[in-house]
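Q: quick one, what's the 3D model for this:
(4 chains)
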Protein chains: 2
Amino acid sequence: MLRQVTATLGSVSQISRPVKAKQSTGHGDARRERWRGHRQARRAEFVEAAVRAIGNCGAEVGMDDIAAEAGVSKPVLYRHFSDKSDLYLAVGEWGTNLLMERISPTLQQEGSARERIRRIIGTYLGVIEEYPELYRFVVRRNFADRPVQTDPVTTEKTVIANSLSRLLGEYMRSLELDSGGVEAWSHGLVGMVQASGDWWLDRHSMSRDDLTEYLTRIIWFAIDGVLRAGGIVIDPDEPLETVPQLRVVEDDAD
Amino acid sequence: MLRQVTATLGSVSQISRPVKAKQSTGHGDARRERWRGHRQARRAEFVEAAVRAIGNCGAEVGMDDIAAEAGVSKPVLYRHFSDKSDLYLAVGEWGTNLLMERISPTLQQEGSARERIRRIIGTYLGVIEEYPELYRFVVRRNFADRPVQTDPVTTEKTVIANSLSRLLGEYMRSLELDSGGVEAWSHGLVGMVQASGDWWLDRHSMSRDDLTEYLTRIIWFAIDGVLRAGGIVIDPDEPLETVPQLRVVEDDAD
DNA sequence: GGTAGCTGTTACTTGCCGTAACACGCAATT
DNA sequence: AATTGCGTGTTACGGCAAGTAACAGCTACC
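A: Purely as a prediction, here's the structure:
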């Protein structure tokens, strides 16, 4: 499986995924073509209904709830989603898109290294605070009865981690440092922020700004340590000049 | 809910949890008392059957499978576990115990700060590599239909993170540093190691030792950064002299 | 002996995912 | 104009797994 994910954080934060690959040239009937845009639109519509339903019913929504929210009966859903996890996956993508679209502009603004980290984390925490039920749905709901690779959480976390890998990798290479660890670090950092956010969302035992600050601190320390080990010292509060653009990430699942 | 967790890493790594709090003094019948040990033993026996069943069937085991593995029919299981998530929770505890028991001795050995970190992470990765199915079961299987606080993953991760909080907090206080961030950091670090391990388990794109080394590096950098910010510099390869004992952690869920 | 607490069983209900079967509407083909 | 393809939608059902009667036997306390 080779899922192409173009997360062009430089200009557009759209994450486009190839849709189902239904071969359109089977036999040249224009009627099939005619509906293609429509089907995509309806899928999106159902995904948004699912998001609303999750907001209402909480993370334990059923397909009937979602269908009801969309003002439609269940079999209609199944014309657009092969099964539950397909829909859930789409909801996950929706969330990831939202997150990316919010993070993207913060990366284009000027700012020091530490400030950029702060903004990313703050944005992330803002999103999960805004959509707590959706967040729980996407992150906590798993599918032990599915092959691991198709599990929504893993998938979306992987997408984000891969984007981050790309970003960190570009930095490292532009600084001529060994980039062997970036993949592991990316997944680790994503997991770290997610876990902290998870914990914070349940407890709310500190303000968002405080948590942002704490996380920013140790993440900066980690990065700084790696850089120093490579003989590079960067002032965390000095504006960055070189900003590699994050462009294409490929999911290298086999 | 106040779950008491005594994780005395200094001597014993046993994690004891209060069992069901069934009031034994309801009416003084000795027959109830007589069976208490027995019931605990059977619960444990079923948990181990579940662990075996998970090893065989993978993470998608059903109650029937587990019952079959235990050589018993389903209702018997339900006499010892209120429902599925109760059993799953117990399996999670089993795993956490295993992990703690393996980590504990490594903490008692001598070693530098970095070496200690390395050992903890290496041990963790070793465990999840040894029990991949169990790991997936515990970590990936979630319960959107349960209140968040009773979700196995959250629960076990919280247990570990709380232990770590305690450990880090003791260090910080003994060094007279501000310990305000340790809780967030603990949950974050646990999440980081877990996410990296998760990713590694799926891909195996590097050796265990390599991943251990990479994780150890950035975690050390993070810790080192926090210490330096507090005006303290520790040689990562110098043996540690003060080793606070990890003793009692209380789950401060309300 | 009666009873409380365990041992165990088979057969059932329940809930939710997913599907079969059926009917209608609109546009492209013929 | 009639047919055919692809969409719209429905109600009612099948199936699987969780969880629950309802029943029966065994041992030790009272």
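
Q: nearest spatial neighbour of A:T106, chain-adjacent residues omitted?
A: Leaving aside its sequence neighbours, A:T106 sits nearest to A:R119 (CB to CB, 6 or more residues apart in numbering or on different chains; 4.0 Å). The C-beta positions use only the backbone N, C-alpha and C, and glycine is treated the same way.

Q: verify the stated contact: A:W200 with A:G126.
A: No - counting by CB atoms under 8 Å, A:W200 does not reach A:G126; the two are 11.8 Å apart.

Q: related to what we said a few turns ago, got the contact list for the residue nearest to A:T106?
A: A:103, A:106-107, A:109, A:111 (CB atoms under 8 Å, 6 or more residues apart in numbering or on different chains).

Q: so what sits against both of A:W200 and A:G126?
A: Common neighbours of A:W200 and A:G126 (CB under 8 Å, 6+ apart) are A:R208.

Q: which stretches of chain A form strands?
A: Here chain A has its strands, by DSSP state E, at A:4-7, A:15-16, A:248-250.

Q: just checking, A:T123 touches A:R102?
A: Yes - if you go by CB under 8 Å, A:T123 and A:R102 touch, sitting 5.0 Å apart.

Q: scan chain A for its longest helix.
A: Across chain A, the helix with the greatest residue count (assigned by DSSP state H) is helix A:30-57.

Q: okay, now the closest residue to A:I219 other than its chain neighbours: neighbour count?
A: Nearest-residue entry for A:I219: A:I117, 5.5 Å, with adjacent residues in sequence omitted and distances by CB to CB, 6+ apart. The number of residues packed near A:I117 is 20, by other CB atoms under 10 Å in any protein chain shown.

Q: tell me who's in contact with A:I117.
A: So A:I117 contacts A:216, A:219-220, A:223 (CB under 8 Å, 6+ apart).

Q: nearest to DNA strand C among those residues?
A: Sorting the contacts of A:I117 by how near they are to DNA strand C, with CB to the nearest atom of the strand, puts A:I219 at the top with 37.5 Å.

Q: ok, the closest one - contacts?
A: For A:I219, the contacting residues are A:117, A:121, A:189, A:192, B:222, by CB under 8 Å, 6+ apart.

Q: 10 Å - rerun?
A: Residues counted as contacts of A:I219 (CB atoms under 10 Å, 6 or more residues apart in numbering or on different chains) are A:114, A:117-118, A:120-121, A:189, A:192-193, B:188, B:192, B:218, B:222, B:225.

Q: and the one residue in the stretch 51-200 of chain A that gets nearest to DNA strand D, how many neighbours does it have?
A: When scored by CB to the nearest atom of the strand, the stretch 51-200 of chain A has A:S73 as its residue closest to DNA strand D, at 2.9 Å. Counted with other CB under 10 Å, residues neighbouring A:S73 total 11.

Q: so how far is A:D64 from it?
A: 9 Å (CB to CB, to the nearest Å).

Q: what bits of the stretch 51-200 of chain A have low per-residue confidence?
A: Within the stretch 51-200 of chain A, the set of residues satisfying pLDDT under 70 comprises A:141-153.

Q: contacting residues for A:M206?
A: A:200, A:212-214, B:180-181, B:183-184.

Q: so which bits of the stretch 51-200 of chain A are right by DNA strand D?
A: A:72-76, A:79-80 (CB under 7 Å from any atom of the strand).

Q: please repeat the previous calculation with a cut-off of 6 Å.
A: With CB under 6 Å from any atom of the strand as the criterion, the stretch 51-200 of chain A meets DNA strand D at residues A:72-76, A:79.
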